[in-house]
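Q: Just to be clear, the model below is a prediction. Sequence and coordinates:
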Amino acid sequence: MVDVPTLVEQARAGRPRAVARLISLVENGAPELREVMAALAPYTGQAFTVGLTGSPGVGKSTSTSALVSAYRRLGKRVGVLAVDPSSPFSGGALLGDRVRMQDHATDPEVFIRSMATRGHLGGLSWTAPQALRVLDAAGCEVILVETVGVGQSEVEIAAQADTTVVLLAPGMGDGIQAAKAGILEIGDLFVVNKADRDGADATARELNHMLGLGEAREPGAWRPPILKTVAARGEGVDEVVEALEKHRAWLGEHGELAARRRRRASDEIEAIALTALRARIGDLHGDRHLDALAERVAAGELDPYGAADQLVAGLTGA
Ligand SMILES: Nc1nc2c(ncn2[C@@H]2O[C@H](COP(=O)(O)OP(=O)(O)OP(=O)(O)O)[C@@H](O)[C@H]2O)c(=O)[nH]1
């Protein structure tokens, strides 16, 4: 049995084990989640969430760790969520292996957690936002969401944050790769890491060109800055924090923060509702009903839309 009220109280007091247990409940899609989310709701909405994405090897975990240090210097409580949508492995193991994060392992004001979401019942659309709620309620003022890889799901997760940082590194043809993966559109901030290597300026220029940053924009529009860092030495990282704070202020002034959060909430509600519907289709009709419809569709006796209508109609009034 999970004692939800006690767990929530402990998490709010910043007890790492309680935070970890709540995130495990999210990850496992536990039945207690409904109660957990209801209890957490009044304490959420405070954290500034920052998504970080970029090709493997650009230095995401090094940058995340450097950003944690920078925010800690400002006295902020920080949460880190590393999401790996392609991995079925869960628990803290993943990040535990990530040596660069170990600098913060003993800091009681830093909460680090990795999540594997492959095969999760509700999919990604609700696991990451719900884990964010836990960290938010635990008093994290900033939450960094690092995604592993740049597949479509990773991009979606990073784009769900208040502010999204796209990381690149010189000499990897990264600009072009990023454009292909559709991540240029989601960047509020671009960071060319490994600026100690040749080609950082060229990458920044290429990016500037691809983003059309030289062109005129509407007055008041956000112009994504391109910054350079050497994350391994912490260089340029304070400037990234400054740019993040600028973007946060811009979001607030333009009503975008609220709009982004509403969009995120609406995705979350839809995902939960769809999961519930899917479960009800299964419960109400069982496979036999679906099989019978499928047989008729396959035999050309019924069209798939008509069959789907019959399935959905069975849900009303249930
Ligand atoms: N030269 C240089 N190397 C760096 C810098 N930042 C990170 N690295 C190195 O780049 C490699 C990849 O860094 P990670 O932080 O693991 O990169 P990642 O993007 O998280 O990579 P994945 O774990 O594969 O997703 C490591 O060997 C780092 O030490 C930098 O600013 N300059």
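A: Nice, I can see it. Not measured: the values here are computed from a predicted model.
Q: all helices of the stretch 101-250 of the chain, in order?
A: 124-137, 152-159, 174-181, 200-210, 237-253 (DSSP state H, counting those that start in this stretch).
Q: most packed of those?
A: helix 124-137 (a mean of 24; mean count of other CB atoms under 10 Å). For glycine as for every other residue, the C-beta is placed from the backbone atoms N, C-alpha and C.
Q: Who are the packing partners of that helix?
A: helix 4-12, helix 16-27, helix 33-40, strand 78-84, strand 110-116, strand 142-147, helix 152-159, helix 256-298 (3 or more CB pairs under 8 Å, 6 or more residues apart in numbering; DSSP states H and E).
Q: before we move on, back to that, want to try CSV for the helices of the stretch 101-250 of the chain, with distance to Ala11 and mean pLDDT as columns?
A: Shown next, in CSV, are the helices of the stretch 101-250 of the chain (distance: least, CB to CB, whole Å; pLDDT from 0 to 100):
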stretch, distance to Ala11, mean pLDDT
helix 124-137, 6, 84
helix 152-159, 22, 71
helix 174-181, 35, 61
helix 200-210, 40, 88
helix 237-253, 24, 97
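Q: Buried residues in stretch 293-305, which are they?
A: Buried residues in stretch 293-305, counting neighbours by 16 or more other CB atoms under 10 Å, are found at Leu293, Arg296, Val297, Leu302.
Q: Near the ligand, which residues of the stretch 101-250 of the chain are found?
A: Within reach of the ligand by CB under 6 Å from any ligand atom, the stretch 101-250 of the chain has these residues: Val148, Asn193, Lys194, Asp196, Arg197, Val230, Ala231, Ala232.
Q: tell me the centre residue of the protein?
A: Nearest to the mean C-alpha position of the chain, by CA atoms, centre = their mean, lies Ile157 at 3.5 Å.
Q: Please report how far that one lies from the ligand.
A: 14 Å (CB to the nearest ligand atom, to the nearest Å).
Q: now stretch 62-76: mean pLDDT?
A: Here stretch 62-76 scores 95 as its mean pLDDT.
Q: Distance from that stretch to the middle of the chain?
A: 18 Å (CA atoms, centre = their mean, to the nearest Å).
Q: Also stretch 273-281?
A: That offset, for stretch 273-281, works out to 23 Å (CA atoms, centre = their mean).
Q: Would you mark the buried spots in it?
A: Result for stretch 273-281 [16+ other CB under 10 Å]: buried residues Thr275, Ile281.
Q: what's the answer for stretch 263-271, then?
A: In stretch 263-271, counting by 16+ other CB under 10 Å, buried: Arg264, Asp267, Glu268, Ala271.
Q: With stretch 61-74 instead?
A: In stretch 61-74, counting by 16+ other CB under 10 Å, buried: Ser61, Thr62, Ser63, Thr64, Ser65, Ala66, Leu67, Val68, Ser69, Ala70, Tyr71, Arg72.
Q: Helices - which of those residues land there?
A: Under the assignment DSSP state H, the buried residues of stretch 61-74 contribute Ser61, Thr62, Ser63, Thr64, Ser65, Ala66, Leu67, Val68, Ser69, Ala70, Tyr71, Arg72 to helices.
Q: residue contacts, the residue lying closest to the third one once chain neighbours are set aside?
A: What it means is Ser63. Distances taken as CB to CB, 6 or more residues apart in numbering place Ala231 nearest to Ser63, at 4.2 Å, with adjacent residues excluded. Applying CB atoms under 8 Å, 6 or more residues apart in numbering to Ala231 gives the contacts Gly59, Thr62, Ser63, Ser65, Ala66, Asn193, Lys194, Val237.
Q: what's the farthest-apart pair in those residues?
A: Spanning the widest gap among the contacts of Ala231 are Ser65 and Lys194, at 14.8 Å by CB to CB.
Q: residues in contact with Val312?
A: Val312 touches nothing, counting by CB under 8 Å, 6+ apart.
Q: Which strand or helix spans it?
A: helix 304-313 (DSSP states H and E).
Q: Please render the buried residues of stretch 61-74 as JSON lines that adds distance to the ligand to the earlier fields.
A: Converted to JSON lines, the buried residues of stretch 61-74 look like this (distance: CB to the nearest ligand atom, whole Å):
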{"residue": "Ser61", "distance to the ligand": "4"}
{"residue": "Thr62", "distance to the ligand": "3"}
{"residue": "Ser63", "distance to the ligand": "7"}
{"residue": "Thr64", "distance to the ligand": "8"}
{"residue": "Ser65", "distance to the ligand": "8"}
{"residue": "Ala66", "distance to the ligand": "8"}
{"residue": "Leu67", "distance to the ligand": "12"}
{"residue": "Val68", "distance to the ligand": "13"}
{"residue": "Ser69", "distance to the ligand": "13"}
{"residue": "Ala70", "distance to the ligand": "14"}
{"residue": "Tyr71", "distance to the ligand": "17"}
{"residue": "Arg72", "distance to the ligand": "18"}
